[in-house]
Structure formats: C-alpha cells, structure tokens
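Student: Just to be clear, the model below is a prediction. Sequence and coordinates:
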Amino acid sequence: MRLMTAGLLLLALGCTPNGLAPVTNDLCGANVETSHPCQVCEDALVLTNPQAVVDLMVAIEPETRPFLVERIGYFLEGANGCDPGRAHAVRVFVTDGPPPSQALEGLHEVISVEPSDNELRRPLELELQTPARVGPGQRLFVNLLLSDGSGAEALCPRVCPTGDPNLDFVADVGGFGQWSDLTQNVPLNTRIYVGGSVEL
C-alpha cells in the first residue's frame, strides 16, 4: 500500500497476525477519545523517501463536545528507516472543521519532545500546559513533521487499516496547508488518542 504525492512516498507495513503487537486497551475507556476506534491489527507508517519533507495532520472528533483535551498520546515504531527516539515537535490545533491552512491558524500549543535512545517502540503521552477546548462543530488536529528532508530516519507512527476519510492529511515540501487526504491512496488511519474531560 503506497501513497505518492509531489515529492513523498509512504509505505504501510503489511498488517498480519504476526506483525506488531496490538495496542492494549489501556488507551481506550472513559474520557479517552481516539482518532478512530481501537483496532486489533496495527502497523507503522514508514516513509520510503526520507529526503522529502512530510507533514502529517490528524483530526480527532470527540464524541461528546465541549471536550477539554488535557493530554495526547501516540506510538512511534522503530521499523527500518524509522527513529522513534528522535526529538520532534507536536503542534496542536483547534479549528471549525477543516485542517488549518496556515501555520498559526487555530494553533493552541506546541509541545517539544526530547530525544530518547535505544527504543524500538516509543509510547508517548504528552500533557498540554493548557487544556484545549473542542466545542460543538470543532475538531482537534495533531500535527507531526514525519521527516524534515535531511535524509535522517523519520518518525513512524502507528496506523490502522480502517481507511476512514477526512481524518488524516499529508503535505510535502513547503506545502503546509496544501493537504491531501491520506485515504485517497491508502486505506489507513493514524493511531492517536487524547485524554481529558467533558466540559459540564
């Protein structure tokens, strides 16, 4: 399964019973919202062109809103060409529906993730300094720069073979805001979850 846009190529590892260990149920439950339902079979999204600049933008739509997002979690895998221990930044946006078209549009917070050594699989749970309020009709977006074009190993988040449209978006070189739906070419959704509370 591959996706090609101008300058980027993505490959999803085959989802097999003997593949990567599934994410456990501790990521699902009360006051936890996911970018899609929990899946049994999950694999990693691997860049096969580390020279490309690749942005990933993932939407999360809490079932009950207003919802106050207090933490964000995701998994990075150490497949070939991937570095789960790489330092990176996570940008959090709240918009009225579409993914942000400009870098500051709806920007709520930028979280810096420190490097970590010798990890084959890196689970991350990041606390927001200020809860992000997702109101009725709004969506929260989590942005990861998978590759900076330097040729270094990329970030490889976990994905599920669900293929739900209008949730995962990618952009390539200098293309922030020029998003393409990941599922136009591959039936995948990125596995990201948020925790928080329903605003009463």
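Tutor: Arrived safely, thanks for sending.
Student: which residues are contacting the lengthiest strand in the chain?
Tutor: If you go by DSSP state E, the chain has its longest strand at strand 121-134. Identification of contacts with strand 121-134 by C-beta atoms under 8 Å, 6 or more residues apart in numbering yields 20, 60, 62, 65-78, 84-85, 90, 92, 94, 108-109, 111, 113, 116, 140, 195-196, 199. No exception for glycine: its C-beta is placed from N, CA and C like everyone else's.
Student: and Pro99, what does it touch?
Tutor: 57, 59, 93, 141, 169, 177, 179.
Student: any idea of the mean pLDDT for the helix or strand where the third one lies?
Tutor: What that stands for is Phe93. Using DSSP states H and E, Phe93 sits within strand 88-95. What strand 88-95 shows for mean pLDDT is 96.
Student: Going by neighbour count, which residues in the following helix or strand past it are buried?
Tutor: Heading C-terminal from strand 88-95, the first helix or strand you meet, by DSSP H and E, is strand 107-113. For strand 107-113, a neighbour-count test (16 or more other C-beta atoms under 10 Å) marks 107-109, 111, 113 as buried.
Student: in what helix or strand does Gly196 lie?
Tutor: Judged by DSSP H and E, Gly196 forms part of strand 192-198.
Student: Looking at strand pairing, list the partners for Val142.
Tutor: Val58, Val92 (DSSP bridges).
Student: Which residues are in contact with it?
Tutor: For Val142, the contact set (C-beta under 8 Å, 6+ apart) comprises 35, 57-58, 60, 72, 74, 90-92, 192, 194.
Student: Let's test this: name the helix or strand in this protein with the lowest mean pLDDT.
Tutor: Of all the helices and strands that make up the chain, strand 2-5 has the lowest average by mean pLDDT, DSSP states H and E, namely a mean of 50.
Student: and the gap between the spatially closest residue to Gly135 that is not a sequence neighbour and Val53?
Tutor: In this structure, Gly135 finds its nearest non-sequential neighbour in Pro66, 4.9 Å apart by C-beta to C-beta, 6 or more residues apart in numbering. Distance, Pro66 to Val53, using C-beta to C-beta, to the nearest Å: 35 Å.
Student: Over to Val159?
Tutor: Distance, Val159 to Val53, using C-beta to C-beta: 20 Å.
Student: Given the helix or strand containing Val46, what are its sheet partners and their directions?
Tutor: In this assignment (DSSP H and E), Val46 forms part of strand 43-47. The strands that strand 43-47 pairs with in its sheet are strand 8-12 (antiparallel), strand 158-160 (antiparallel) (by DSSP bridges).
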